[in-house]
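# 3D, please:
(2 chains)
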2 protein chains.
Amino acid sequence: MTKFQVTILGCGSAMPTTLHNPASQLVDVNEKLFMIDCGEGTQLQMRKYKTRISKLHSIFISHLHGDHVFGLPGLLATLSLLGRTSNLNIYAHKEMDLFLDPFIKYFGNQFSYKINLIPLDPHSHQLIFENNSIRVFSFPLKHRINTNGFLFEEKESPRHIKREMIDFYNIPFRQIKDIKQGADFITENGNLIKNEILTTPSVPPRKYAYCSDTAYFPEIIPYIQNANVLYHEATFAEAEGIRAQETFHSTARQAAEIAKAANVKKLIIGHFSSRYNELDELLNEGQTVFPNTALAFEGMNINIESQ
Amino acid sequence: MTKFQVTILGCGSAMPTTLHNPASQLVDVNEKLFMIDCGEGTQLQMRKYKTRISKLHSIFISHLHGDHVFGLPGLLATLSLLGRTSNLNIYAHKEMDLFLDPFIKYFGNQFSYKINLIPLDPHSHQLIFENNSIRVFSFPLKHRINTNGFLFEEKESPRHIKREMIDFYNIPFRQIKDIKQGADFITENGNLIKNEILTTPSVPPRKYAYCSDTAYFPEIIPYIQNANVLYHEATFAEAEGIRAQETFHSTARQAAEIAKAANVKKLIIGHFSSRYNELDELLNEGQTVFPNTALAFEGMNINIESQ
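Numbering: from 1, shown residues only, chains lettered A, B, ... in the order given. Have a look, this model is predicted:
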């Protein structure tokens, strides 16, 4: 099966601590690295966890708070030192250019590669990237400033054609590709054989959803429905529910409510407030509502599995 | 004696590695922290080595290469999260505002404190800061862009007045302060007693010099003469002498030649190229010319001692 793995580089929040780095993670799909958010020290974390900077494909920025973007200057400069030549697409809200343009003008005027800023729509659900392996969708979250979540969805793989049917109907090689894509087959005698007889369904496409930072926001449920893994922020425990509301963050219980309502398979909570040295309270709170909840940690690898 | 200690937060160079962080250090003079350079991850290093962010007094930036400044956005944002109210002076070349202004406009418009950018003169030796304990001087280095070195010089402490002279000449209490500052004393009979008879010299003021990044540049010697500790970059070993010359960096031997010619007491070399996993070659090269050479490392504390 195609590689589909998430590596957590940072799962802390605004105030860095010795326990957690600011937000960043890598989604590895078929040996291409898609970065989500890029807090300070992200490139150092990539080295620490031995991820391959040369495989970085593009960067998706959820929102323009410092703990999600301050690692960009260093990472972008290092890519040039390493001699990158392929364009780098950065998907972010358009205000990013206020911060990025002066940086590129001053530090990046001799970069070895080109940076394209691709603006995110903060108000609608959109397909923002597609290649042979995946589609990436973006959708609005609810935070103090424009913030988007992301869904990485594997493309449906071709149906499996049954070997015995190829032999039985004497199906020519040139038609096999179409049948795998769902076409029916017409025999030499003119009989139509329905595709369902010839093939079995492919494995259901896997999905990974990223929702950080956000207040409790059930409007996202249709966009993340049935995801194999949901990463949802849980900055606070319920005891800090008022603080969560004021700052447009979620509690662990709220993250778990979203996971349950969206029928995801697994929930990873992160973006922990610096006030928590121990995270048991958050984990217990999440598991009470949604048993398959786990805590994110720096260096965590999550295989996105079908089941 | 007044505290005068340097803590190395990062002594790597442009390309970060798992061994070294980009440039930053703290000079602690009498419980005030003066930061020199601020590479990416500096605020994380401050936490790791338990330095007190609340004691940060001001920041001195040697030059505007990314590995010396990309930690500023995160650090400046954190200072606001922590509720700093006192102004923060950043001493840097004037081009810094091209990078810093857009950042402050976008991320810092609600900062709890004010940032003052104080431009460095890249061409002359200047006193740039003075308080009760120290003076800080800046002077030109030789690099690919405008770069300054810094000298932190303790202020001369008052001379020691001899107890027996106070008794012998019956010196009134109100005159003691002046005599400690060098004044003579006139007895009741009108005899002038020279200050040298009444006092002994104070301990010589201590000096710490920072020279990074720079090619071999003997013109700096008058500015760092007799420093108790010199931190000098040694990006390369002599075997990479041509590369050092091309990139306006120094070899370890060149750093040691400067230390020797300037008659400093101790040399710390740093800003190591990412090509070196082992630093023995650099250390040996330095010690051959200047025996009291040591390698910088992250977390190193250097007490600036009189002898």
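# Could you look up the SS state of the closest residue in space to A:Thr18 that isn't next to it in sequence?
Spatially, and ignoring its direct neighbours in sequence, A:Thr18 is nearest to B:Arg47 (5.1 Å; C-beta to C-beta, 6 or more residues apart in numbering or on different chains). (C-beta placed from N, C-alpha, C; glycine too.) Per DSSP: H, G, I helix; E, B strand; the rest coil, the secondary structure class of B:Arg47 is helix.
# B:Arg47: neighbour count?
B:Arg47 has 15 neighbouring residues, counting by other C-beta atoms under 10 Å in any protein chain shown.
# could you list every residue that touches it?
If a contact means C-beta atoms under 8 Å, 6 or more residues apart in numbering or on different chains, then B:Arg47 has A:16-18, B:53 as its contacts.
# if we go to 10 Å?
B:Arg47 makes contact with A:15-19, B:53, B:78, according to C-beta atoms under 10 Å, 6 or more residues apart in numbering or on different chains.
# how close does the residue of chain A most remote from its centre get to A:Asn170?
Relative to the centre of chain A, the most outlying C-alpha is that of A:Asn189, 49.4 Å out, by C-alpha atoms, centre = their mean. Relative to A:Asn170, A:Asn189 is positioned 11 Å away (C-beta to C-beta, to the nearest Å).
# Which helix or strand in chain A has the lowest average pLDDT?
helix A:96-107 (a mean of 89; mean pLDDT, DSSP states H and E).
# what packs against that one?
When contacts are defined as 3 or more C-beta pairs under 10 Å, 6 or more residues apart in numbering or on different chains; DSSP states H and E, helix A:96-107 packs onto helix A:66-69, helix A:72-81, strand A:88-92, strand A:115-119, helix B:66-69, helix B:96-107.
# Spell out which two among the contacts of B:Arg47 are the most distant pair, please.
Maximum pairwise distance among the contacts of B:Arg47 (C-beta to C-beta): 16.3 Å, between A:Leu19 and B:Ile53.
# on that earlier part again, from the contacts of B:Arg47, which is closest to A:His271?
Among those, A:Met15 lies closest to A:His271 (C-beta to C-beta), at 11.6 Å.
# SS state for that closest one?
Once three-state DSSP is applied, A:Met15 turns out coil.
# if I look at the closest residue to it other than its chain neighbours, how far off is A:Thr214?
Distances taken as C-beta to C-beta, 6+ apart place A:Ser274 nearest to A:Met15, at 4.1 Å, with adjacent residues excluded. Using C-beta to C-beta, we find A:Ser274 at a distance of 19 Å from A:Thr214.
# now A:His20
Distance from A:His20 to A:Thr214, by C-beta to C-beta: 18 Å.
# again with A:Lys50
For A:Lys50 relative to A:Thr214 (C-beta to C-beta), the value is 31 Å.
# Show me which of A:Ser274 and A:Thr214 is the more surrounded one.
More neighbours surround A:Thr214 than the other of A:Ser274 and A:Thr214, with 26 against 16 (other C-beta under 10 Å).
# Return the residues in contact with that one.
By C-beta under 10 Å, 6+ apart, the neighbours of A:Thr214 are A:62-63, A:140-143, A:147-149, A:220, A:232-233, A:235, A:248-250, A:254-255, A:258, A:271.
# Show me those that map onto strands.
Taking DSSP state E, the ones among those that sit in strands are A:140, A:148-149, A:232-233.
# Narrow the residues you listed to just the buried residues.
Neighbour-count burial (16 or more other C-beta atoms under 10 Å in any protein chain shown) is assigned, among the ones in strands among the contacts of A:Thr214, to A:140, A:148-149, A:232-233.
# For the closest residue to A:Tyr49 other than its chain neighbours, which residues are in contact?
Closest residue in space to A:Tyr49, ignoring its immediate chain neighbours: A:Gly299 at 5.2 Å, by C-beta to C-beta, 6+ apart. Applying C-beta under 10 Å, 6+ apart to A:Gly299 gives the contacts A:7-9, A:45, A:48-50.
# Helix, strand or coil: sort out A:Gly299 for me.
Looking at A:Gly299 with three-state DSSP, the answer is coil.
# Against chain B, how distant is it?
From A:Gly299 over to chain B the distance is 13 Å, taken as C-beta to the nearest C-beta, to the nearest Å.
# next one: A:Leu127
According to C-beta to the nearest C-beta, A:Leu127 and chain B sit 28 Å apart.
# on that earlier part again, is it possible to export the buried ones among the ones in strands among the contacts of A:Thr214 to TSV including pLDDT and distance to chain B?
Shown next, in TSV, are those (pLDDT from 0 to 100; distance: C-beta to the nearest C-beta, whole Å):
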residue	pLDDT	distance to chain B
A:Pro140	98	21
A:Asn148	98	18
A:Gly149	98	22
A:His232	98	23
A:Glu233	98	18
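# if we can go back for a sec, of the contacts of B:Arg47, buried ones?
Counted by 16+ other C-beta under 10 Å, the contacts of B:Arg47 give A:15-17, A:19, B:78 as buried.
# Now flag whichever of these is closest to A:Lys3.
Closest approach to A:Lys3 among the buried ones among the contacts of B:Arg47 (C-beta to C-beta): A:Leu19, at 29.0 Å.
# from what I can see that closest one touches A:Arg275, true?
No - using C-beta atoms under 10 Å, A:Leu19 is not in contact with A:Arg275; the gap is 11.2 Å.
# Next, show the common contact partners of these two.
With contacts defined as C-beta under 10 Å, 6+ apart, no residue is shared by A:Leu19 and A:Arg275.
# tell me which parts of the stretch 51-200 of chain A are close to chain B?
Taking C-beta under 10 Å from any C-beta of the partner chain as the contact definition, the stretch 51-200 of chain A meets chain B at A:64-67, A:69-78, A:80-82, A:95-103, A:105-108.
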